[in-house]
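1. only geometry, no sequence info:
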């Protein structure tokens, strides 16, 4: 398969593969071998793509599977913020693929999903590699359902083609790379996270949307109260108590 040209922002490099186990795994392998940040890893197909908590990401032909390898100069506690940065980039890149305004249909769902009319359109997987004496490496993986979506998932899914939007993986990657560069600049190694948080909430579910949050051995219901200053989800319970959520699966009701 020939690989179309992809225009990346200045300072970024691209590594293209026909098939990989996963783009995140390849990025972290390269990080272990001393690769610097600013590398995009793109695969036409993945054999063992994954999502959060080790869940399988079904990698169907015609969709986008790509990972940006970063070497952020920030405190370790701030690296998780990059999941929200990636979500913003994913949202804006997808919005830019349509010839019509699809913003009313798009919403970010904490912590790492993009929805179209309440159905999963794309997702982010953030993984890191810490090595003594070296700058930490972060793999910012992004998957987007461009041409197809899996029929059986733990959450209803959709794809852009189903909604009359045609986009090649190369074009989607180009838009994603540009949006990532923009939002990484705003984030500025964590110093601009307040702006990231504000922009993310502006693109998220409506205020007071009813939610269920499932943890390993429990579940809570309430309404969406935005994000706190650290990026954790705020779930407002029936008695008005605000519950801070740092992990879990979120399901709009």
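-> Here it is on my side, so go on. Nothing here was measured: the structure is a model prediction, and the numbers come from that model.
2. Quick check: mean pLDDT of stretch 109-124?
-> For stretch 109-124, the mean per-residue pLDDT is 95.
3. quick one: contacts of it?
-> Applying C-beta atoms under 8 Å, 6 or more residues apart in numbering, the contact partners of stretch 109-124 are 51-52, 57, 83-84, 86-87, 90-91, 94, 102, 105-108, 125-126, 140-145, 149, 153, 155-160, 163, 204-205, 227, 233, 245, 250, 252. Where C-beta positions appear, they are placed from N, C-alpha and C, glycine not excepted.
4. again with stretch 186-195
-> Defining contact as C-beta under 8 Å, 6+ apart, one finds that stretch 186-195 is touched by 72, 73, 74, 75, 78, 81, 82, 85, 196, 199, 229, 231.
5. so residue 227 touches residue 233, yeah?
-> Yes: with contacts counted by C-beta atoms under 8 Å, residue 227 reaches residue 233, the gap being 6.3 Å.
6. what's the spacing between residue 126 and residue 60?
-> 22 Å (C-beta to C-beta, to the nearest Å).
7. Who has more neighbours out of these two?
-> Between residue 126 and residue 60, counting by other C-beta atoms under 10 Å, residue 126 is the more crowded of the two (23 against 18).
8. hang on, that one packs against residue 87?
-> No: when contacts are counted by C-beta under 8 Å, residue 126 is not listed as touching residue 87 (10.0 Å).
9. hmm, back to that, which entries within the contacts of stretch 109-124 meet the buried criterion?
-> Buried subset of these (neighbour count, 16 or more other C-beta atoms under 10 Å): 51-52, 57, 83-84, 86-87, 90-91, 94, 102, 105-108, 125-126, 140-145, 149, 157-160, 204-205, 227, 233, 245, 250.
10. Can you list the low-confidence ranges for the chain?
-> Of all residues in the chain, those with pLDDT under 70 make up the ranges 1-4, 49-59, 131-133, 152-153.
11. For it, just list every one of the strands.
-> For the chain, the strands defined by DSSP state E cover 13-20, 39-46, 64-70, 106-109, 113-116, 119-129, 137-144, 210-214, 219-227, 233-236, 242-245, 249-252.
12. Any chance of JSON lines for these, columns distance to residue 171?
-> Listed next are the strands of the chain as JSON lines, based on distance: least, C-beta to C-beta, whole Å:
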{"stretch": "strand 13-20", "distance to residue 171": "14"}
{"stretch": "strand 39-46", "distance to residue 171": "12"}
{"stretch": "strand 64-70", "distance to residue 171": "9"}
{"stretch": "strand 106-109", "distance to residue 171": "17"}
{"stretch": "strand 113-116", "distance to residue 171": "17"}
{"stretch": "strand 119-129", "distance to residue 171": "15"}
{"stretch": "strand 137-144", "distance to residue 171": "11"}
{"stretch": "strand 210-214", "distance to residue 171": "33"}
{"stretch": "strand 219-227", "distance to residue 171": "31"}
{"stretch": "strand 233-236", "distance to residue 171": "32"}
{"stretch": "strand 242-245", "distance to residue 171": "35"}
{"stretch": "strand 249-252", "distance to residue 171": "29"}
